[in-house]
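**Q** Provided below for reference: sequence and predicted model.
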Amino acid sequence: MSRLPVSKTPKCLVGGSFIRSESGRVYPIASPSGEFLCNIPLCTRKDVRNAVEAAAKAGPAWIKRSAYNRGQILYRLAEMLESRSEELAGSISTTTGDHPAARREIDAAIDRAVHYAGWTDKFEALLGSVNPVASPHFNFTVTEPMGIVGILAPEEAPLLGLLSMVLPAITAGNTVVALASKAHPLPAILLGEIITVSDLPAGVVNLLTGSRADMVETFATHEHIRALHATATRTERTSIDQGASTNLKRTALLPGESPRDWFNNGAAGLDEIRQFLEFKTVWHPIAS
Amino acid sequence: MPAKRPKNPARELLFGDLWEFDPAPETAPAHIAPRYDLFINGKSTPPKSKKWFDSISPGDGKKISEIALANEADVDAAYAAAAAAFPKWSATPGAERGKFLYRIARLLQDRSREFAVAETIDGGKPIRESRDFDLPVAAAHFFYHAGWADKLAFAAPGRTLAPLGVVGQIIPWNFPLLMLAWKIAPALACGNTVVLKPAETTSVTAMKFCSILQDAGLPPGVVNIVTGAGDTGAAVVKHPAAAKIAFTGSTPVGKWIQHTLAGTDKRLTLELGGKAANIVFEDATIDQAVEGIVNGIFFNQGHVCCAGSRLLVQESVAAEVLKKLKLRMRHLRVGDPLDKNTDIGAINSRKQLEKIRDLVGSGLQEGAEIFQPDCRLPSRGFYFPPTLFSGVSLSHRIAREEIFGPVLSILTFRTPEEAVEKANNTPYGLSAGIWTDKGSRILDMAAKLKAGVIWANTYNKFDPASPFGGFKESGFGREGGKQGLLDYAKIV
């Protein structure tokens, strides 16, 4: 009799720990041919709140890291992604059935991490400014992370889309609570494992799986989430902005009905980072 | 007549104590029309509503003009004019657009005195402030943004900016003309066209400004101004032709706008309320800090979203600061806004005066200790004396809610960490002040305070080159600087 392989129980990443949903509920996913693959946690509002707490704890230390250090950590993430790229491609193609496409997606995702690794110590010089005011003051504008960014990842490009939304937020110094693609959650599960070995401090990135309908409202209304980056349907966008208005969250919403080309390098870079930064202006008198 | 010395146990020499000041009213004509219609498609246009409402001067409570009340049909006409003007205006070369803005800046400077008087009559702020602050800074905003119009390719590295379309803008009553300049100048520089609604109590200078637009030869429809109250504002927000809404005003209204625009994919920037901490460390130059505290809270009667309304003083110098502050407050001259010696003018409206009274009442009820200098308030119009509360705790309403009046609350702290915690303990995050002689502490505090504008050893400074806007529930988006420009454009 051939050996029975040990299958892996998928778990989410919250505060550096691997959790199953507090709901105790799961949903099954299957291969394109309909074969059962595994059960994925159905996370809940409570899981979102726990993840926000973890992200809040991680925030101050993450901001304090030097920009150079954050760049090295993101580069380490790229190294870890590369070393497990075949496994990652498999995690996509088991549910999509298209291995070459999955391979292309992984390559683009790794390159994207490298791209953002180089931004950590450069965006400030491009986005901030010294302002020539008409009075004797030294006046400068610097950027500051918003805090906790909630992310609703797209269904398509389950790894590249998710990473393309997470990376600019953490490059800017924010911490993240992200909800992965429901149909193709396996790359997010694997990404969680890779993140924990990539020097990224626990809680900086928290990854949840499950149904949007269970969690969108909590993402939108949670007092401590400062910004939302979501690929969302029109109905979802309406409810997200309505919820966001309770504490004036910043929202960057991508229309789910016209999916973004995540492979395009226009989907990455300085303008993405800017969306998750606040500008702070300081006035200082010039006098002897 | 022999000089009368009022009862003054401390026997400090108070300037203006022994002698009454002679009145020194500004007398230049303000040229306020008896009635203002709407400004749509470059023309003064009577409202379809066929209704006008009274504009009152808060300085004496008298009616100064009638302002058109725009209804939905009027707002619709304004948007139609703006939409029709957009293709040509957005295709106008940036250098040409800029020249219109330069003209506007110059014409505003030419008529600065007339506009300053009108602003003071209409809004109640001291003529000294409208003359020396509102008007020059408003003109500076047009001049600054004029220069951006042909340099949009330099505002976002590697990209350029494209206009959004028609922008709906709603401005408050505290700096009527200045807020108009903050809104219109960047919008036009980026190639947008505008529908703007001034606050209902302060529409006069906006309507006078229309004549400057005409004199500048600005193409019809590029700027349209509709007047009215909340219903008119709601029509501006809800209009389907708006590509973006820009609002400056209260946080509750800002939340309503974000809620209302949900699902429309319209752009939105909000500059909302504040409850700024002004933090005085023991090593600060106390006399200088006291001047800054006074400027921070009593500038424009405290009708300033970034007013330093929560004074946090290090415990070791609290008694000294309080004493000097009380003395300084007794020098403040409250009264006729048109008098050039007036420091604190009229409260903008009866409604606002009632709100201030209510919050001051709550301060007394909750046990804070009040100080108000003796000052004779004019018998007509809306006035409130400069007020200071000591013994305030963070849970008091006066320490949490935006008063938007000349009312200061004093709290104390022992360590910088405690100051940061108290300063950040508010849903707002617009501005903060730091007073200390230590440069490294300024930078450390500036990094830790959750606010969009930090004033170190100064307060309430503004400049078109300096981005202004808040964190948290003080709104999002910036006005001024290259950062503010990005909020009026698509990055392409």
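**A** Great, that's in hand.
**Q** Report the buried residues of the top helix by length along chain B.
**A** Using DSSP state H to define each element, chain B has its longest helix at helix B:72-91. With burial defined by 16 or more other CB atoms under 10 Å in any protein chain shown, the residues of helix B:72-91 counted as buried are B:72, B:74-83, B:85-86, B:89-90. Where you see a C-beta, it was placed from the backbone N, CA and C, and this is true even at glycine.
**Q** so which of those residues comes closest to residue A:16?
**A** Here the nearest of these to residue A:16, counting by CB to CB, is residue B:90; it sits at 50.1 Å.
**Q** how far away is that closest one from chain A?
**A** 21 Å (CB to the nearest CB, to the nearest Å).
**Q** Please apply the same query to residue B:432.
**A** 10 Å.
**Q** show me what contacts that residue?
**A** By CB atoms under 8 Å, 6 or more residues apart in numbering or on different chains, the contact set of residue B:432 is B:276-279, B:423, B:449, B:451, B:453-455.
**Q** Return the entry from those residues with the maximum number of neighbours.
**A** Counting neighbours by other CB atoms under 10 Å in any protein chain shown, the top entry in the contacts of residue B:432 is residue B:276, with 33 neighbours.
**Q** mind checking pLDDT for that one?
**A** Here the pLDDT value assigned to residue B:276 is 96.
**Q** Contacts only, for it.
**A** Contacts for residue B:276 (CB under 8 Å, 6+ apart) come out as B:296, B:306-310, B:428, B:430-433, B:451.
**Q** Secondary structure element holding the residue nearest the centre of chain A?
**A** Residue closest to the average C-alpha location in chain A (CA atoms, centre = their mean): residue A:166, at 2.4 Å. Assigned by DSSP states H and E, residue A:166 belongs to helix A:160-171.
**Q** about what we covered before: next, give me the two most distant ones among the buried residues of helix B:72-91.
**A** The widest separation within those (CB to CB) is 26.0 Å, between B:72 and B:90.
**Q** Contact partners for residue 256?
**A** Reading this off chain A. A:154-155, A:231-234, A:236.
**Q** not what I meant, chain B
**A** Counting by CB under 8 Å, 6+ apart, the residues that residue B:256 touches are residue A:245.
**Q** Repeat that for the one 3 residues further on.
**A** With contact set as CB under 8 Å, 6+ apart, residue B:259 has these partners: A:241-242, A:245.
**Q** quick check, it in a helix?
**A** Yes - under DSSP: H, G, I helix; E, B strand; the rest coil, residue B:259 falls within a helix.
**Q** where does residue B:143 fall, phi/psi-wise?
**A** phi -60, psi -40 (degrees, to the nearest 10).
**Q** Distance check, it against residue B:108.
**A** 9 Å (CB to CB, to the nearest Å).
**Q** Same question for residue B:375.
**A** 34 Å.
**Q** The two - which one has more neighbours?
**A** residue B:108 (23 against 15).
**Q** Assumed the more buried one was part of a helix.
**A** Yes - counting by three-state DSSP, residue B:108 is located in a helix.
**Q** Now do it against chain A, distance only.
**A** As judged by CB to the nearest CB, residue B:108 and chain A stand 16 Å apart.
**Q** which one is that residue nearest to, not counting chain neighbours?
**A** Spatial nearest neighbour of residue B:108, excluding adjacent residues (CB to CB, 6 or more residues apart in numbering or on different chains): residue B:139 at 4.4 Å.
**Q** Below-threshold pLDDT in the stretch 1-150 of chain B: ranges please.
**A** Within the stretch 1-150 of chain B, the ranges that satisfy pLDDT under 70 run B:1-18.
**Q** Perfect, that will be all.
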